[in-house]
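# 3D model of this:
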Amino acid sequence: MTSLALGQMRRRPAAFLGLAVALFLAIATVTLFGSLFAADVTSPTAARKAADRPGLMAIAGAFGEIAVLVAFFVVVNALGFALRQQHRELALLRTIAATPRQARRLVRGQVIVTTLLVAAPGWVAGAVAARSLLAELRRRGMAGPGVRVPGTPVPMLVALAAALAVGLVASAVAARRISRIPPAAALAASSTEHGRTGAPRLLTGIGALVGGGLLLRLAATRPAERSDEAGQAALLGSLVLLIAVALTGPLAARVVAAVLGAPVRALAPGAGWLADANLRGYARRLSSAVVPVALLVGLSGTMLLMTHTAERAAGATATTVTSATDIWLRQAELALLVCFAAVSTVNTLVAVTAERRREFALLRLVGATRKQLLRMLTAEAVLTTAVGVLLGAAVAGAAAAAFSTAVAGSAVPSIPVADCWWIVAGAAALTVPGILATGLRAVHGPAAELVGGGRD
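Numbering: from 1, shown residues only. Here you go, the predicted structure:
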């Protein structure tokens, strides 16, 4: 079974490369913040009290809690997509007498192998980042000069255990359907896409939506002097809402795409109509592409709006040192979250487009030219970006409104229009070129041979 798992990984390098990068970032992130916790715990009391600001434990906790959650959100998204790409192969194994337990064991083996391969690089990156961040915190007076990162392997082992636990649980959930349905039905399902979102997934998404709303209500009711708590609740609420978007993605993305598709069809009657039909007809594929874009826009937009709202509310009451320190912390957290979201966006979009080689070959066999296919992909890329930006902007707007209510007494946050356009431009710069570059490669090669070779 191990050799079969490795063979599958060699056949799908793009999908497992994306999963490997996501696991690497997750292990590095847990190692980073675990090392900071260990530094605070093992430091002498005098060294901990030498800092001018809240302790290292409080800073690492507030900074790390969202970062770790986002890192594992990216892992679950990458893992789910990697398994969806293997749907046909797993179905074929079922038809030649592989049992459901063997299919699940194959998936578990892939997760374990990928996690172990990236563990050592993730540990090194996390340890280096912890020392660099601690040095910067000491320089800014937020950590005592005697605080040092200890040489204990505990944070690394915790990071590995957490990555394995999340990966194995997510793989069990993702592989449940393919391993439970009859082999013939599994093979038929691998060539089609179900139009409806399953009831358990939809109910879980509604629960996440309600949970996100409650967190935003909690943020909005915090007093102004407890703005840090309001900020953490609003940011966590935005992440929970983005999880709700991911769970209800096929339904939400289809609805938004239907609204945005009309002007695209009007502007480009041929390519626009085909792009709109593709996106709405393959709602799960559209959701896979849209969710990372929404994550990127939602998190960066939330952080940006909250930062500007806090600065407006503070006004002349904040000292220069306090303002500079708070702004640096927010910028550092924003940079880390954007990094996760950008990696997830590029990984997913490249994999989603690359797996459509057979679809493009079929279109070429019925008369479509490469130029027409690229026009269709351009329209799809624009629509995908627009859907992701709108969903992410809705989440960011709701979170920022809750935070603004707490710190400024108004539900209207401070909106830096120019900076918001930079977020939109960044999302488009990651999405459109990524889809077109991968699509340009996918439309090359003999069409008949690609159709005969299946998805590969």
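# show me where the stretch 1-150 of the chain dips below the pLDDT cut-off.
For the stretch 1-150 of the chain, the stretches flagged by pLDDT under 70 are 1-12, 14-15, 46-55, 97.
# would you list every one of the helices in it?
Listed from the start of the chain, the stretch 1-150 of the chain has helices (DSSP state H, counting those that start in this stretch) covering 2-11, 13-42, 45-49, 56-85, 87-95, 100-139.
# so which of those is the most surrounded?
helix 13-42 (a mean of 24; mean count of other C-beta atoms under 10 Å). From N, CA and C alone the C-beta is placed, and that goes for glycine too.
# for it, name the packing helices and strands.
helix 56-85, helix 100-139, helix 154-180, helix 320-354 (3 or more C-beta pairs under 8 Å, 6 or more residues apart in numbering; DSSP states H and E).
# just give me how far the first one sits from the chain centre.
Using C-alpha atoms, centre = their mean, to the nearest Å, we find the averaged C-alpha position of helix 56-85 to lie 8 Å away from the chain's own average C-alpha position.
# equivalent analysis for the longest one, please.
Centre-to-centre, helix 100-139 and its host chain are 16 Å apart (C-alpha atoms, centre = their mean).
# how about the last one?
Using C-alpha atoms, centre = their mean, the mean C-alpha position of helix 320-354 is found 11 Å from that of the whole chain.
# now stretch 348-359
Distance of stretch 348-359 from its chain centroid, counting by C-alpha atoms, centre = their mean, is 18 Å.
# what comes up buried for that stretch?
Buried residues in stretch 348-359, counted by 16 or more other C-beta atoms under 10 Å: 348-359.
# which two of these have the greatest separation?
Longest distance between any two of the buried residues of stretch 348-359 is 19.1 Å, between Thr348 and Arg358; criterion C-beta to C-beta.
# send the alpha carbons of stretch 36-46 over as PDB?
What follows is stretch 36-46, C-alpha atoms only, in PDB (Å, rounded to 0.1, in the frame of the first residue of the first chain):
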ATOM      1  CA  LEU A  36       7.800  31.600  21.600                       C
ATOM      2  CA  PHE A  37       5.600  30.000  24.300                       C
ATOM      3  CA  ALA A  38       8.500  27.800  25.400                       C
ATOM      4  CA  ALA A  39      10.800  30.900  25.500                       C
ATOM      5  CA  ASP A  40       8.300  32.600  27.900                       C
ATOM      6  CA  VAL A  41       7.800  29.500  30.100                       C
ATOM      7  CA  THR A  42      11.500  28.700  30.500                       C
ATOM      8  CA  SER A  43      12.700  32.300  31.000                       C
ATOM      9  CA  PRO A  44      13.400  33.700  34.500                       C
ATOM     10  CA  THR A  45      10.700  35.700  36.100                       C
ATOM     11  CA  ALA A  46      12.900  38.800  36.100                       C
END
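# and the contacts of that stretch?
For stretch 36-46, contacts defined as C-beta atoms under 8 Å, 6 or more residues apart in numbering pick out 48, 55-57, 59-61, 64, 130, 133-134, 144, 146-150, 152, 154-155.
# swap the cut-off to 10 Å and go again
Stretch 36-46 has contacts (C-beta atoms under 10 Å, 6 or more residues apart in numbering) with 47-50, 55-61, 63-64, 129-131, 133-134, 137, 143-144, 146-155, 158.
# of all the helices of the stretch 1-150 of the chain, which lies closest to Thr309?
helix 56-85 (17.5 Å).
# can you give me the helices in the stretch 251-400 of the chain?
269-281, 283-314, 320-354, 357-365, 370-408.
# of all these, which one is nearest Pro446?
Of all the helices of the stretch 251-400 of the chain, it is helix 357-365 that lies closest to Pro446, at 8.2 Å by C-beta to C-beta.
# report the angle between that closest one and helix 320-354.
For helix 357-365 against helix 320-354, the angle by axes from the mean of the first three to the mean of the last three C-alpha atoms, to 10 degrees is 60 degrees.
# so which elements touch helix 357-365?
Secondary-structure packing of helix 357-365 (3 or more C-beta pairs under 10 Å, 6 or more residues apart in numbering; DSSP states H and E): helix 370-408, helix 417-442, helix 447-452.
# what's the average pLDDT for that helix?
Across helix 357-365, the average pLDDT comes to 81.
# what's the answer for stretch 241-255, then?
Mean pLDDT, computed over stretch 241-255, is 82.
# what's the most buried one of the helices and strands packed on helix 357-365?
helix 370-408 (a mean of 23).
# that one vs helix 269-281, what angle?
60 degrees.
# so what secondary structure elements neighbour helix 370-408?
Contacts defined by 3+ C-beta pairs under 10 Å, 6+ apart place helix 370-408 against helix 199-220, helix 227-247, helix 249-267, helix 269-281, helix 283-314, helix 320-354, helix 357-365, helix 417-442.
# pLDDT on the last one, on average?
Summarised as a single mean, pLDDT over helix 417-442 is 87.
# which neighbouring elements make contact with that helix?
Looks like helix 417-442 contacts helix 283-314, helix 320-354, helix 357-365, helix 370-408 (3+ C-beta pairs under 10 Å, 6+ apart).
# try 6 Å this time
helix 283-314, helix 320-354, helix 370-408 (3 or more C-beta pairs under 6 Å, 6 or more residues apart in numbering; DSSP states H and E).
# now do that helix against helix 13-42, angle only.
If you take the same axes, to 10 degrees, helix 417-442 sits at 140 degrees to helix 13-42.
# and the third one, by the same measure?
Calculated by the same axes, to 10 degrees, helix 249-267 forms an angle of 130 degrees with helix 13-42.
# just to revisit the earlier point, nearest to Leu17, out of the helices and strands packed on helix 357-365?
Judging those by C-beta to C-beta, what sits closest to Leu17 is helix 417-442, at 12.9 Å.
# so Ala386 touches Leu260, yeah?
Yes. Counting by C-beta atoms under 6 Å, Ala386 touches Leu260, with 5.2 Å between them.
# before we move on, the earlier item: can you say which of the helices and strands packed on helix 357-365 is nearest to Thr99?
helix 447-452 (29.9 Å).
# same question for that closest one, mean pLDDT?
Helix 447-452 shows a mean pLDDT of 64.
# now do the contacts for Ala130.
Counting by C-beta atoms under 6 Å, 6 or more residues apart in numbering, Ala130 makes contact with 32, 35-36, 149.
# what's the separation between it and Val74?
Going from Ala130 to Val74 by C-beta to C-beta, to the nearest Å gives 20 Å.
# likewise for Phe340?
Distance from Phe340 to Val74, counting by C-beta to C-beta: 5 Å.
# without its sequence neighbours, what residue ends up closest to Leu274?
Met376 (5.0 Å; C-beta to C-beta, 6 or more residues apart in numbering).
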